[in-house]
Every structure is written in structure tokens, then in C-alpha cells.
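In: make a model of this:
(one chain, ligands or ions: 2)
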Amino acid sequence: MSHHIVIIPGDGIGVEITAVARQVLEKTAAKAGLALTFEEKPAGGTAIDKMGVPLPEETLAAARQADAVLLGAVGGPAWDQVAPELRPERAILGLRKALGLYANLRPVKVSPALADYSPLKPELVAGVDILIVRELNGGIYYGEKGSEKDRAWDTEVYSAMEVERIVAVACQAAKVRRGKVTSVDKANVLATSRLWRQTAGTVAAKFTDINLDHLYVDNCAMQLVLAPRQFDVIVTSNLFGDILSDEAAVLTGSIGLLPSASIGDGTGLYEPIHGSAPDIAGRGIANPIGTVLSAAMLLRHSLGEDEAACRVEQAVEAVLKDGYRTADLYRPGFTKVSTMEMGRQILDRL
Ligand code: ATP
Ligand code: MG
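Out: Ligands and ions are numbered 1, 2, ... in the order given. Below you'll find the predicted structure:
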């Protein structure tokens, strides 16, 4: 069976890093005997310039029909002045909505080769391997909002169904990891959190071999820097997940390393967690690893190719172990490589 992948390079370094990830997918597919077809589509600032909208209809239609979408990054100062409803970031929101993406998966794994790049002591982060599962479609970002002259409000609403499906994603993921799920809420003050906590308990009880515990978000924020190794899978709301996933990301040392997956009812969307990095765009120095690891997540979650995904992850780990570093990670004594050269080194190890 053949799988169809839509690539949305987007803006800035998005073009350079998706080119590398595509080569990695092509080689992995060839090795594994997988048939993959690719199609590149515009979105973001580039699409605004060419077609007047951040998310052209043809891109949306292609994404809906694809087995998976790999996205580089969108946005940049060139489009700072465009109207809010036409901003490049609208492309991501539009895709999330159209594809029914309600779960955002953000793995935070500290590479053994990079433990001393962390702002925390190497012995605290060695072996950290966390998966943050953030609810992406509901909560306070989407609740009723309003403002008057000297008053404003946002409301958080969660239905039991919304909590059930996100906790189920977390439990499913934990089954092939270490079996531990930490549900994060603020149940001592929020009604939505009390529903969250109760529902999480019900869902987790249906999974065998899942160990669920609950943590208040303030405590979780603290624990992430005190003892991050205690976590396996963290599941939480849209707002808390937004904050905690950025906090956890810095434990690894470079934003250029981290992948993400957004999954839901339809096609899954895979992208690095960083933005379009306009300050280094077009210079061939961006770190492609976050996008390459996003491609590995695509293989695992949308195509069911766990073994191929592991092979990509191992190739990345080997390149880092062998001392290859893009500019964001470069230190004397290591081998400095461009985006393309980093790609070649990864391909060599596949
Ligand atoms: P956005 O609003 O889209 O998140 P941003 O301006 O907040 O964008 P990024 O585009 O992620 O942030 O860039 C933040 C910093 O990290 C920049 O200095 C950028 O050059 C650097 N950076 C981001 N991604 C990479 C990468 N893949 N390789 C090297 N450096 C990167
Ligand atoms: Mg940012």
C-alpha cells in the first residue's frame, strides 16, 4: 500500500529543513520497502505573497486527503503588518481545525550526547524522556471571551468527551513507553479541572498496566526542573500544556532539536516546535533535527511504521554521538556542519 504525504515547507528555514526531512523519509521508505508519494503545498507568508491567503484552498484539500502532513514553519517579520485574519499563523489554526487535531504530542528527550547542553545539571537531565500530551481543541483558548471598558474575561469549558479522548491518547502512548501517566490540573480551584481529574481516572482504569497519578500544575512546573526524570507521559489541558511544553523543551538545550505531532480525527500534522527563524533563514545553517524527528513521529503515528521511526531516531542519535553539530549546538572540538551536511550524515546512518 502506498502512503501519500503532503509537505508544507512554509517560510524562513521551513524550506531548508523540510528538504532534509523529505530525503530522510525517502531513504527510510526505500530501506523498509514502503511506498511513499510526496506533494509540496504552500502555506503561511509565502502563500500570502503568492495567492493572497495564508491557507489556500488547494493546500487544505490536499492535507485532508493525505495520509500525513509534514510542516516546516510559517511566519516572520515580513508579514507583521498584515491584517490579523490573514496572518501566516492562521494557516496552522486553519489546519488544526479542518483536520480535527485535538491532541498535541510533544516528546522531550534528552540525547545522551547533549546532556551538558541543558540549563540544568547534566546528572539531573540524563535519561529524561517525557511525552507531553496537550489538549489542542478546547479549554480557555476557545471558550467565551469578552471585554468591557475595565473588565475582561475568558472562560474555560471542557466536556467529559473532550477529556476522555485526550486521556485515551495519553494512555495509549504510555502503553508502549513506561506505562506511567501524570494528569496535570488545578483541581483545588477549577471546576473544569475537577471534571478533568475524575474523567482521567475513569479512562485510565480501562487500560491495563497504566499507572495514573495527578499533579497540580504549579507543582508540575516545579517538578519539571527539580526532578524531570520522574515523568513518562504528561497529559493536560490546552493552556497548561502550552506553558509546560515550552518549559520542558528547554531541558534539552536547543529548540532546533524538538519535534511535535498533532493528531485527531483526520490526517495528522507533524512539525518542529520552533518557528521560521527569520534571523538565520536562507543561510543553510538551521538545525534540521527537529523536523527529521517530526518525520519519525509521522512514520510512527500516521503510518504505523514504528520500526522505521526508531531507525530514524537512532540515526539522529548516532550523528550527535559522532560529534556533528549545526551552528546552534556547535562548540570547539566538535564538527560544525550545515543543514544539508547534517542531513547527509543522518542519511549515511540509515
Ligand atoms: P514563532 O513565533 O514562529 O515561534 P519565534 O521568533 O518565537 O518564532 P523561532 O523562529 O523558533 O522563534 O526562533 C527562536 C530562535 O531560535 C531564533 O534565534 C532562531 O534562529 C533559533 N532557531 C529556531 N529554530 C532553529 C533551528 N532549527 N536551528 C537553529 N536555530 C533555530
Ligand atoms: Mg515562538
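
In: from now on I want contacts and neighbour counts done on CA atoms only, so please keep to that.
Out: OK.

In: avg pLDDT for stretch 182-202?
Out: If you average the pLDDT over stretch 182-202, you get 98.

In: nope, stretch 251-264 is what I meant
Out: In this model, stretch 251-264 has an average pLDDT of 95.

In: any idea how far apart the tips of that stretch sit?
Out: 27 Å (C-alpha to C-alpha, to the nearest Å).

In: buried stuff in that stretch?
Out: Within stretch 251-264, the residues that qualify as buried are 251-264, counting by 16 or more other C-alpha atoms under 10 Å.

In: and if you look at stretch 304-320?
Out: Judged by neighbour count using 16+ other C-alpha under 10 Å, the buried positions of stretch 304-320 are 305, 308-313, 315-320.

In: ok, and the closest non-adjacent residue to the residue in the stretch 1-150 of the chain that ligand 1 sits nearest to?
Out: The shortest separation between the stretch 1-150 of the chain and ligand 1 is 5.9 Å, found at residue 75 (distances taken as C-alpha to the nearest ligand atom). If the residues on either side of it in the chain are set aside, residue 75 comes closest to residue 88, at 5.1 Å by C-alpha to C-alpha, 6 or more residues apart in numbering.

In: again, but for residue 120
Out: When the adjacent residues along the chain are set aside, residue 120 lies closest to residue 251, with 6.8 Å between them (C-alpha to C-alpha, 6+ apart).

In: and the helices in the stretch 151-300 of the chain, which stretches?
Out: In chain order, the stretch 151-300 of the chain shows helices spanning 160-175, 191-205, 217-226, 238-249, 289-301, with DSSP state H, counting those that start in this stretch as the criterion.

In: so which residue is dead centre in this structure?
Out: Nearest to the geometric centre of the chain sits residue 260, at 1.5 Å (C-alpha atoms, centre = their mean).

In: surely that residue and residue 103 touch.
Out: No - between residue 260 and residue 103 there is no contact under C-alpha atoms under 8 Å: 10.4 Å.

In: ok, back up a step: adding distance to ligand 1, write the buried residues of stretch 251-264 out as TSV.
Out: Putting those into TSV (distance: C-alpha to the nearest ligand atom, whole Å) gives the following:
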residue	distance to ligand 1
251	15
252	13
253	11
254	8
255	6
256	4
257	7
258	9
259	10
260	13
261	16
262	16
263	20
264	22
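
In: how about the residues of the stretch 1-150 of the chain near ligand 1?
Out: By the rule C-alpha under 6 Å from any ligand atom, the part of the stretch 1-150 of the chain lying against ligand 1 is residue 75.

In: show the contacting residues for the closest residue to residue 117 other than its chain neighbours.
Out: With sequence-adjacent residues excluded and distances taken as C-alpha to C-alpha, 6+ apart, residue 117 is closest to residue 253, at 4.8 Å. Contact criterion C-alpha atoms under 8 Å, 6 or more residues apart in numbering gives 114, 117, 118, 119 as the residues in contact with residue 253.

In: sketch out the strands for the chain, chain order is fine.
Out: Defined through DSSP state E, the strands belonging to the chain, from first to last, are 2-10, 35-40, 68-73, 101-109, 129-135, 145-147, 152-154, 180-185, 211-216, 233-236, 259-264, 268-272, 324-325, 335-336.

In: out of these, which comes closest to residue 280?
Out: Within the strands of the chain, the stretch nearest residue 280 is strand 68-73; the backing value is 13.2 Å (C-alpha to C-alpha).

In: just give me how far the closest one sits from the chain centre.
Out: Here the centre of strand 68-73 is set off from its chain's centre by 10 Å, with C-alpha atoms, centre = their mean, to the nearest Å.
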